[in-house]
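J.: no FASTA, just this:
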Ligand SMILES: Cc1ncc(COP(=O)(O)O)c(C=O)c1O
């Protein structure tokens, strides 16, 4: 498939559907791009006007194996032919147990592990907190600036950015404490804490802050945090909803930090685009929640579990974590090569193919959200779908399928370069 733009963007059919949408869909569920999708395959999206785009949003990081991967589709179809949803809470089935067994073996956590499944990233985070609370008998939660953990009450309360995620939705869950997210430039400061560590059930940290702007946590800080958690019997939770599943060059980003968390939350790319999320962790911790205390009607739906088992096979067969590193290197060197002539490139950061390009005002060094929006608009109009990130909305992020072929990647980088240069 080749990029093809044959109408103004959005095209006439997309505009018609947008009008219908405005009348019938709650505006709160926004969309970054005004194009409506007709088909998707590999790294491409085809809209209802016949325009063909390369996809750097990947369903916000849910499509690491590419759209409509034939092996994943086949697994979904086979499962649909068997049964769709007896509900694990009523009568269990093998794909759930096989997936739990598989993931528990792979997760970078010491000792024997268990898994449990839900539908969304927010639900995984909520349940990790519930598990940590029942294990420790404590109420407090420690989170970080720039964090995004989801939109449900607990996850939203743990999230950092006020607008749009929290605006007007308080009161929030109490006993949540926040420290500066520790990165290359920000040390993890555990002195003069305004809370008693013995009241904290868990800390939840993204190894690479996703929505917050693709900021990798520092290795030193992770080691310090691990030590702090061990010292005070705090459960360390790595939220890998966005950084997980091959995106950063390893199946789990935590593999690159030299420390092991107690629990990991996963979602997004684990089931090739179907809603599935998971908490995986130390068996003693996972078993601390009483029977019936966690779960849900649709959690661990068999079609999603079958898809996830196929996704794992694809990850191994096509060596997608390794591929993430190759993609990331190419993106980095392309953007770095523009730095001299585009003084608004404030830096490039990230891990593997989870790359963030920082857009600034060259005069003041301040985040430049407007220029970032111009870059996204130009890219879309020339066949590249992207979504921004960052607490200040000034980060270009890459969440392309890891199955993207080199020639398509080159095409996409040409569009991205022109978008940055012309901004
Ligand atoms: C790190 C992280 N945690 C949790 C979530 C919430 O996931 P969901 O939107 O599936 O509820 C997200 C979503 O972007 C995320 O990036």
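T.: Everything's here; your move. Worth saying up front: this structure is predicted, and the values here are computed from it rather than measured. Residues are numbered from 1 along each chain as shown.

J.: what parts of the stretch 201-350 of the chain come near the ligand?
T.: Neighbours of the ligand within the stretch 201-350 of the chain, by Cβ under 6 Å from any ligand atom: 206, 210-211, 239, 241-242, 267. In this view, the C-beta of every residue, glycine as well, is placed from N, C-alpha and C.

J.: out of those residues, which comes closest to residue 23?
T.: For these, the closest approach to residue 23 (Cβ to Cβ) belongs to residue 211, at 29.3 Å.

J.: find the nearest non-adjacent residue to residue 106, please.
T.: residue 251 (6.1 Å; Cβ to Cβ, 6 or more residues apart in numbering).

J.: what number of residues lie near the one you found?
T.: Residues lying near residue 251 (other Cβ atoms under 10 Å) number 23.

J.: residue contacts, it?
T.: 106, 244-245, 315, 321 (Cβ atoms under 8 Å, 6 or more residues apart in numbering).

J.: looking at these, state which has the most neighbours.
T.: The contacts of residue 251, ranked by neighbours (other Cβ under 10 Å): first place residue 245, 31 neighbours.

J.: contact partners for the closest residue in space to it that isn't next to it in sequence?
T.: Leaving out its chain neighbours, the residue that sits closest to residue 245 by Cβ to Cβ, 6+ apart is residue 269, at 4.0 Å. Contact analysis of residue 269 by Cβ under 8 Å, 6+ apart lists 58, 61-65, 244-247, 311.

J.: confidence score at residue 1?
T.: Note on residue 1: pLDDT of 88.

J.: now do the SS call for residue 157.
T.: The three-state label given to residue 157 by DSSP: H, G, I helix; E, B strand; the rest coil is helix.

J.: next, count neighbours for it.
T.: Neighbours of residue 157 using other Cβ under 10 Å come to 19.

J.: now it: how far from residue 193?
T.: 19 Å (Cβ to Cβ, to the nearest Å).

J.: please apply the same query to residue 206.
T.: Taking Cβ to Cβ, one finds residue 206 at 21 Å from residue 193.

J.: looking at those two, which is more packed in?
T.: residue 206 (26 against 13).

J.: mind checking pLDDT for the spatially most central residue of the chain?
T.: By Cα atoms, centre = their mean, the chain has its centre lying nearest to residue 242, at 1.8 Å. What the model reports for residue 242 is a pLDDT of 98.

J.: ok, the one 5 residues further on next?
T.: Residue 247 carries a pLDDT score of 98 in this model.

J.: next, the buried residues of stretch 64-74.
T.: For stretch 64-74, burial by neighbour count (16 or more other Cβ atoms under 10 Å) applies to 64-67, 69, 71-72.

J.: contacts only, for the residue of the stretch 251-400 of the chain found nearest the ligand.
T.: Here the stretch 251-400 of the chain gets closest to the ligand at one residue, residue 267, 4.8 Å apart by Cβ to the nearest ligand atom. Shown in contact with residue 267 (Cβ under 8 Å, 6+ apart): 120-121, 124, 241, 276-278.
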